[in-house]
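Q: Sequence and predicted structure, then a few things I'm wondering about:
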Amino acid sequence: MDNNNHETTRPTSQQDRRAAGLAVLEKLDQSGDRAALRTLLADMAPDFADLTVEVAYGDFWARPGLDLAQRELVTVAALCAMGRDRQLAGHIKSALAAGIDRTQIVEVLMQMAVYAGWPAAVNGLLAAKEVFAAHPGPTADGHHTFHVGTTRVTVVSDGHAYLPAAMFGGGIGEQQVAELLRGRGLPTDRVRISLNGLVLEHDDRLIVVDPGSGPPESAYAHGLAQPTQGRFLTHFLAAGFDPADVDLVLVQHGHQDHWGGLLTADGSLAFPHAQVGISEAEYLHWRDVGDFGKAQVPDDVAEAARAVGRELTAAIADRVSWLVDGKEVVPGLTAVAAPGHTCGHTALRLDDGGETLLIGGEFAHHEVIQLAEPDSYVVVDADNQQSRQSRRTLLHQAATNGWLVHAYHFSWPGLGKLVPRGDGWQLRPVAFS
Ligand SMILES: [Zn+2]
């Protein structure tokens, strides 16, 4: 039974509620749930099947003031308590589709250990595990909207990933990385990075910047993405956007976690009517070379990145145009060369109504490490001397001019202003809720 299409009417009177509840029961009947219970209990408790269905589903589904997501969560709890695995899996799927994230579902199922007993909770968690494997669903970091002048900017999460802390030790050593992380109360063995794509409603155009890792099926196939990535499209849709409306996709650099989302799982273009902007150096690099420059990268990772590069450059060949340093992409949105992480890595500057947003891309990776120590670098930088120079230049400009800064991998939603501190800077994150 699939409840994605239930209407979210809000009946007010007792009678309306009953009618709406009965309509839901009709649908449940079609699934055979109540009929099956009736047959099972016909000889000993004939009324119980009706009561179970009405109390566990019907009444909740008809309650005023509950939105679809809340109804789904209640139903997940009820089905877990009842041990009805098949329906439970269906409603976990529906809850994900209604915008409930995995953490909330897992939390509710764990709580059912108290209300329905340990076996019911274990059963429910195992059902959820299977559903999650097939349906990534949204994360708690869905989307966040703000304005720069008249431009409406939405940060759209592709999820997050964990990297070994040692990766961040270029130039400063692992010890120093651990100290910086510890100083902010973070784990010292691994670093959680966010993946923050952007949607700009600017100059009468819908513009996407870095559409994420791509759908899990293809992202994982290359072995480059983690199961916590690949949510860009889910959150993009949840934010109310339509891929068919996108006019322009800008790619800041050609690593899969930034441009895998150009394609859908079946290999077609995710934004079918969009032109794609990328720097010429970056495009040609991933089309013709595809290596990691001076960085040391394991062979299988390098080969996977080359495959992704070939596939994506071919897919956009008929619609690509170049981001050129210092030139406007559209009025008010300027490309700024920021090479180093990759050879053609490009930042963007949005100027609107006297406000400026620096869209730094991967000019810095984690705010706690590389703002405090701008001369440190991640070991996958193609040219770490160049990346450090690009980072310092942009950070200095942004801090001096009081620009708002966005970085793809800073902690969700990746936004803040810079405050000078020691030889570096500190991010003063925006308050977003
Ligand atoms: Zn990245």
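A: Looks like it arrived, so ask away. Numbering: from 1, shown residues only.
Q: Touching, residue 178 and residue 165? I think so.
A: Yes. Applying C-beta atoms under 8 Å, one finds residue 178 in contact with residue 165, separated by 6.5 Å. C-betas here are computed from N, CA, C, even on glycine.
Q: Mind listing the shared neighbours of these two?
A: residue 188 (C-beta atoms under 8 Å, 6 or more residues apart in numbering).
Q: What residues does residue 88 make contact with?
A: 76, 79, 80, 124, 127.
Q: Can you tell me which one of the residues you listed sits lowest on pLDDT?
A: In terms of pLDDT, residue 79 ranks lowest among the contacts of residue 88, with 88.
Q: Pull up the gap between that one and residue 72, please.
A: Per C-beta to C-beta, to the nearest Å, residue 79 is found 10 Å from residue 72.
Q: One more: residue 258?
A: 32 Å.
Q: got it, and residue 89?
A: Residue 89 sits 13 Å away from residue 72, taking C-beta to C-beta as the criterion.
Q: Please say which of these two ends up with more neighbours.
A: The neighbour comparison of residue 89 against residue 72 (other C-beta atoms under 10 Å) goes to residue 72, with 27 against 20.
Q: out of everything not next to it in sequence, what's closest to that one?
A: In space, and not counting its chain neighbours, residue 72 is closest to residue 95: 3.9 Å by C-beta to C-beta, 6 or more residues apart in numbering.
Q: ok now do the residue of the stretch 201-350 of the chain found nearest the ion, which residues does it touch?
A: Of all residues in the stretch 201-350 of the chain, residue 257 sits closest to the ion, at 4.4 Å by C-beta to the ion. By C-beta under 8 Å, 6+ apart, the contact list for residue 257 reads 158, 161, 195, 212, 213, 224, 225, 229.
Q: Could you tell me which of these belong to strands?
A: Applying DSSP state E to the contacts of residue 257, the entries found in strands are 158, 161, 195.
Q: looking at the residues you listed, which has the most residues close by?
A: Counting by other C-beta under 10 Å, residue 158 has the largest number of neighbours within these, with 32 neighbours.
Q: Test my guess that that residue contacts residue 197.
A: Yes. Under the criterion of C-beta under 8 Å, residue 158 makes contact with residue 197 at 5.6 Å.
Q: list residues touching both of those two?
A: Counting by C-beta under 8 Å, 6+ apart, the residues touching both residue 158 and residue 197 are 211, 212, 232, 261.
Q: how about the residue nearest to the first one when sequence neighbours are not counted, secondary structure?
A: This points to residue 211. Nearest residue to residue 211, sequence neighbours excluded (C-beta to C-beta, 6+ apart): residue 261, at 3.3 Å. Of the three states, residue 261 takes helix according to DSSP: H, G, I helix; E, B strand; the rest coil.
Q: Run through the residues that contact residue 261.
A: Each residue near residue 261 by C-beta under 8 Å, 6+ apart is listed here: 158, 197, 210, 211, 212, 213, 214, 215, 232, 233, 270.
Q: and the stretch 201-350 of the chain, which residues reach the ion?
A: Within reach of the ion by C-beta under 5 Å from the ion, the stretch 201-350 of the chain has these residues: 255, 257.
Q: show me the contacts for residue 77.
A: 108, 109, 111, 112, 115.
Q: Find the nearest non-adjacent residue to the second one, please.
A: If the residues on either side of it in the chain are set aside, residue 109 comes closest to residue 124, at 4.1 Å by C-beta to C-beta, 6+ apart.
Q: Can you verify my assumption that that neighbour contacts residue 111?
A: No. Residue 124 lies out of contact with residue 111 (C-beta under 8 Å); the separation is 10.0 Å.
Q: These two - which one has more neighbours?
A: Neighbour tally, residue 124 and residue 111, criterion other C-beta under 10 Å: the higher count belongs to residue 124, 29 against 13.
Q: that's a helix at the residue nearest to residue 109, yeah?
A: Yes. Counting by three-state DSSP, residue 124 is located in a helix.
Q: Give me the distance between it and residue 395.
A: Taken as C-beta to C-beta, the span from residue 124 to residue 395 is 47 Å.
Q: So for residue 103, what's the pLDDT?
A: 85.
Q: did I read that right, it in a helix?
A: Yes. Residue 103: assigned to a helix according to three-state DSSP.
Q: Look up how far residue 383 lies from it.
A: 39 Å.
Q: pLDDT below threshold where in the stretch 101-250 of the chain?
A: Counting by pLDDT under 70, the stretch 101-250 of the chain has low-confidence residues at 134-138, 140, 217, 219-221.
Q: Let me see the ranges of the strands in it.
A: Along the stretch 101-250 of the chain, the stretches classed as strands by DSSP state E, counting those that start in this stretch are 143-148, 151-164, 190-202, 205-209, 248-250.
Q: likewise the stretch 301-433 of the chain?
A: All strands of the stretch 301-433 of the chain, identified by DSSP E, counting those that start in this stretch, fall at 320-322, 328-330, 333-337, 346-352, 355-359, 404-406, 415-421, 424-429.
Q: Please tabulate those strands in a markdown table, including the columns distance to residue 144.
A: Shown next, in a markdown table, are these (distance: least, C-beta to C-beta, whole Å):
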| stretch | distance to residue 144 |
| --- | --- |
| strand 320-322 | 29 |
| strand 328-330 | 23 |
| strand 333-337 | 20 |
| strand 346-352 | 16 |
| strand 355-359 | 13 |
| strand 404-406 | 11 |
| strand 415-421 | 8 |
| strand 424-429 | 12 |
